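Engineer: please work out how this folds:
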Amino acid sequence: MKRIVKSVAIVVLSISSFAVAQAQKVAHISVDSLISIMPESKTAEGLVVKHQKELETQVGSMQTELQSKYEKYMAEGSTYSEIIKASKEKELQDLKNRVDEFTAQARQDLQNKQQELSRPIYEKARKAIELVAKENGYKYVLDTSTGVVIYSEPTEDILQLVKKKLETMPAAVIPGANNVVKPTPAPKPAPKAPGK
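Structural biologist: Numbers count the residues shown, from 1 in each chain. Take a look at the predicted model:
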């Protein structure tokens, strides 16, 4: 009797282990690769480059003003009285501080702009991954682009499935863009010659 109970317990454990393994269907995807093929990424990148150039132009004009005033001070400094010389030096130092402060703020502003523009793209990708995972019964999808996965059993790469899903979804709304991004259709295979 004990043997039968033991055998039944082993069979039940084996079946439940198999069921748990089946319930834990895992896949992987490189989110970076997915984001790079999304047409909205090019739109966002163009807007970031435009914003960066605007900031660089402003920093450049401030640096030109500082350089011009410094050169004038160096050329005429020997003719200034002590009080005017001190005033000009303070003016130069204040202008340099403003340039440095604006440059630091511009870096932060550019980073914020990149995050603002990429947020809807990542949200769309996340939603497509979630839909594909639910449609295909995946319990876990691992992002291989982050390097977080140190070891994993071989899993299915769902990049192509998610790419197809993205093609059926509306474009992500990018703040400040005209949002007329059309997904690029997949290339069609060349027609086969007759008789081949």
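Engineer: run through the residues that contact the residue nearest to the spatial centre of the chain.
Structural biologist: Nearest to the mean C-alpha position of the chain, by C-alpha atoms, centre = their mean, lies Ser118 at 5.5 Å. Going by C-beta atoms under 8 Å, 6 or more residues apart in numbering, Ser118 touches Ile35, Ala44. Quick note: C-beta positions are derived from backbone N, CA and C, even for glycine.
Engineer: now it: which helix or strand?
Structural biologist: For Ser118, the host element (DSSP states H and E) is helix 82-136.
Engineer: chain center to that helix: distance?
Structural biologist: Distance of helix 82-136 from the chain centroid (C-alpha atoms, centre = their mean, to the nearest Å) equals 15 Å.
Engineer: roughly how far does the residue nearest to the centre of the chain sit from Ile84?
Structural biologist: 51 Å (C-beta to C-beta, to the nearest Å).
Engineer: is Ala177 located within a helix, as I assumed?
Structural biologist: No. Looking at Ala177 with DSSP: H, G, I helix; E, B strand; the rest coil, it is coil, so not inside a helix.
Engineer: list the contacts for it?
Structural biologist: By C-beta under 8 Å, 6+ apart, the residues touching Ala177 are Thr43, Ala44, Leu47.
Engineer: and which of those is nearest to Ile35?
Structural biologist: Set against Ile35, the nearest of these by C-beta to C-beta is Ala44 (9.7 Å).
Engineer: so where's this structure uncertain?
Structural biologist: Scanning the chain for pLDDT under 70 picks out the ranges 1-23, 147-154, 179-196.
Engineer: how about 50 then?
Structural biologist: Along the chain, the parts satisfying pLDDT under 50 run over 5, 7-9, 11-14, 16-19, 21, 150-152, 196.
Engineer: and the helix or strand where Lys50 lies, what does it pack onto?
Structural biologist: Take DSSP H and E as the rule and Lys50 turns out to sit in helix 39-76. Packed against helix 39-76 by the contact rule (3 or more C-beta pairs under 8 Å, 6 or more residues apart in numbering; DSSP states H and E) you find helix 82-136.
Engineer: pretty sure Gly176 contacts Ala44?
Structural biologist: No. Using C-beta atoms under 8 Å as the test, Gly176 is too far from Ala44 to be in contact (9.4 Å).
Engineer: who's more crowded, these two?
Structural biologist: Between Gly176 and Ala44, counted using other C-beta atoms under 10 Å, the more crowded position is Ala44 (26 against 13).
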